[in-house]
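Asker: show me how the following folds:
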Amino acid sequence: MMESIMSITEIKKYLPQRFPFLFVDGVTEVIPGKEIVGFKNTTISEAYFQGHFPDNPIVPGVLLVESLAQLTMIMYGMTMKNEVSRPIGYLAGIEKIRFRYIVRPGECMMLYAKVKEELDNIARVSVKIKVENKLAVDGMIIMAQK
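Answerer: Numbering: from 1, shown residues only. Have a look, this model is predicted:
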């Protein structure tokens with residue numbers, strides 16, 4: 001079991017997404033507004049595995065990117081004084097995202113996000129996902145903050 005400093009109940013204070021579209025299970029490290037580490041446990045009961053792909057289930061790439069965007073919004077949400085009831089930012093772009101390892105049911109994805117550059121309300125964030133110390137995804141996402 002991953003040791004978490006932020007439970008799913010606390011995560012919901014920072015994200016408007018709810019089941020089945022909530023893709024961060026816990027946070028293990030955070031420097032609000034700068035960097036964050038979290039995790040998502042994949043299970044065969046995830047609805048998307050029924051169709052992606054029934055005989056060879058894998059986590060869809062767009063959901064891997066979505067989990068990183070949600071993690072980033074938690075990091076920014078922690079810099080606000082009040083809980084949010086709507087998004088405090090939006091995914092504005094994707095740069096050089098590479099999928100290097102296929103994520104399957106039963107694996108724990110370690111999620112990483114670190115701000116590299118900020119300009120006004122736009123941030124370039126270096127992101128990656130590791131599974132059992134294997135790099136699964138890496139690249140940059142652009143977040144537009146409200």
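
Asker: you'd agree Y76 is in a helix?
Answerer: Yes: Y76 sits within a helix when classified using DSSP: H, G, I helix; E, B strand; the rest coil.

Asker: list the beta-bridge partners for the closest residue to K34 other than its chain neighbours.
Answerer: Leaving aside its sequence neighbours, K34 sits nearest to V115 (Cβ to Cβ, 6 or more residues apart in numbering; 5.5 Å). Heads up, the C-betas are built off the backbone N, CA and C, glycines and all. Beta bridges link V115 to V125, judged by DSSP bridges.

Asker: could you do G89 as well?
Answerer: With DSSP bridges as the rule, G89 is bridged to Q145.

Asker: what about it, how many neighbours?
Answerer: 18 (other Cβ atoms under 10 Å).

Asker: is it true that it touches I141?
Answerer: No: taking contacts as Cβ atoms under 8 Å, G89 lies outside contact range of I141: 10.7 Å.

Asker: common neighbours of the two, please.
Answerer: With contacts taken as Cβ atoms under 8 Å, 6 or more residues apart in numbering, the residues that reach both G89 and I141 are T72.

Asker: what about V27, how many neighbours?
Answerer: 24.

Asker: so what's the nearest residue to it once chain neighbours are set aside up against?
Answerer: In space, and not counting its chain neighbours, V27 is closest to M6: 3.7 Å by Cβ to Cβ, 6+ apart. Shown in contact with M6 (Cβ under 8 Å, 6+ apart): 26-27, 30, 38, 74.

Asker: on the three-state scheme, the residue lying farthest from the centre of the chain is what?
Answerer: Within the chain, the residue lying farthest from the chain centre (Cα atoms, centre = their mean) is D55, at 26.1 Å. Look at D55: counting by three-state DSSP, its state is coil.

Asker: okay, it: pLDDT?
Answerer: Residue-level confidence at D55 comes out at 94, pLDDT.

Asker: any idea how many residues pack against L22?
Answerer: L22 - counted by other Cβ under 10 Å - has 17 other residues nearby.

Asker: checking my notes, it in a strand, right?
Answerer: No: counting by three-state DSSP, L22 is not part of a strand but coil.

Asker: pLDDT weak spots in the protein?
Answerer: 1, 80-87 (pLDDT under 70).

Asker: could you pull out the helices for the chain?
Answerer: 8-11, 61-77 (DSSP state H).
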